[in-house]
Structure formats: C-alpha cells, structure tokens
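> below are the sequence and a predicted model; questions follow.
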Amino acid sequence: MRSSAEWDWGSWVLGDMADCLRRASELLGGQFELVRACASPPLEEGGLPRVLVVVSDVHTSYRLRNVLKDRDPHARPLGQATGGRWSAQVDDLEITVTADATEEPW
C-alpha cells in the first residue's frame with residue numbers, strides 16, 4: 001500500500017484499494033459475514049486511505065472492535081463508538097465498522 005509520502009492526486013489505483021481491503025481483512029479477520037465493504041483513497045495530502053465495513057448487527061460490529069484491539073494494540077480509536085459504529089486509525093489505514101446498512105461511504 002502506498003505511504004502518505006507517496007500521495008498525489010490521481011496516484012491511487014485499483015490495486016491500492018485492494019491492498020486497503022486486504023489490510024482491513026488482516027486486522028479484522030476474514031471470517032465474518034458482512035453486508036459490504038468500501039475502500040477510498042485519502043481525501044487530502046497526508047491523509048490515510050479509508051475502509052468502511054458494514055456488518056449485519058451491532059454484536060458483530062463490537063466483536064470486530066475487540067478483534068482489532070487484540071491484533072493491533074496500537075490502533076487508535078477515532079471518536080466514541082455509538083450504535084454499532086466505530087472508527088479506528090492504524091498505522092496506514094482508517095477503518096470504520098458499522099451495523100447501519102444505510103450508511104453511505106464518504
């Protein structure tokens with residue numbers, strides 16, 4: 001995956017987004033059912049690529065948060081977890097997990 005130092009408008013390609021999804025799978029585990037997953041390049045220079053994972057229920061959302069804490073103890077929560085939605089920043093990625101199937105990506 002590209003580092004933020006390599007960021008440039010239009011420089012993100014489909015393979016980079018696939019790497020983001022693969023990284024999210026490594027962090028969250030690849031054995032849970034999901035409604036959908038979306039990846040997005042950074043919105044601005046110095047930003048992180050983002051992954052939105054939509055799961056079917058609140059229990060799964062919070063279970064994945066615990067999985068992330070176990071797999072990457074340095075993951076930094078972003079804001080408060082509410083209603084089955086939480087976000088965290090890992091070294092190279094921002095991950096949001098939600099149980100709200102109507103949530104639109106960015």
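Received it, and whenever you're ready, just let me know what you need.

> now the residue lying closest to residue 72 once chain neighbours are set aside: how far from residue 12?
Among residues not flanking residue 72 along the chain, residue 90 sits closest, at 5.4 Å (Cβ to Cβ, 6 or more residues apart in numbering). All C-beta atoms are positioned from the backbone trio N, CA, C, and that covers glycine. From residue 90 across to residue 12, the span is 18 Å (Cβ to Cβ, to the nearest Å).

> residue 62 sits in which helix or strand?
helix 58-71 (DSSP states H and E).

> which elements pack onto that helix?
helix 14-28, strand 86-90, strand 93-98 (3 or more Cβ pairs under 8 Å, 6 or more residues apart in numbering; DSSP states H and E).

> most packed of those?
The highest mean neighbour count among the helices and strands packed on helix 58-71, using mean count of other Cβ atoms under 10 Å, belongs to strand 93-98: a mean of 22.

> so it versus strand 86-90, what angle?
Per axes from the mean of the first three to the mean of the last three Cα atoms, to 10 degrees, the angle that strand 93-98 makes with strand 86-90 is 160 degrees.

> in contact with the spatially most central residue of the chain, which residues?
Residue closest to the mean C-alpha point of the chain, counted by Cα atoms, centre = their mean, is residue 95 at 2.1 Å. Residues in contact with residue 95, defined by Cβ atoms under 8 Å, 6 or more residues apart in numbering, are 24, 27-28, 50-51, 53, 68, 87-89.
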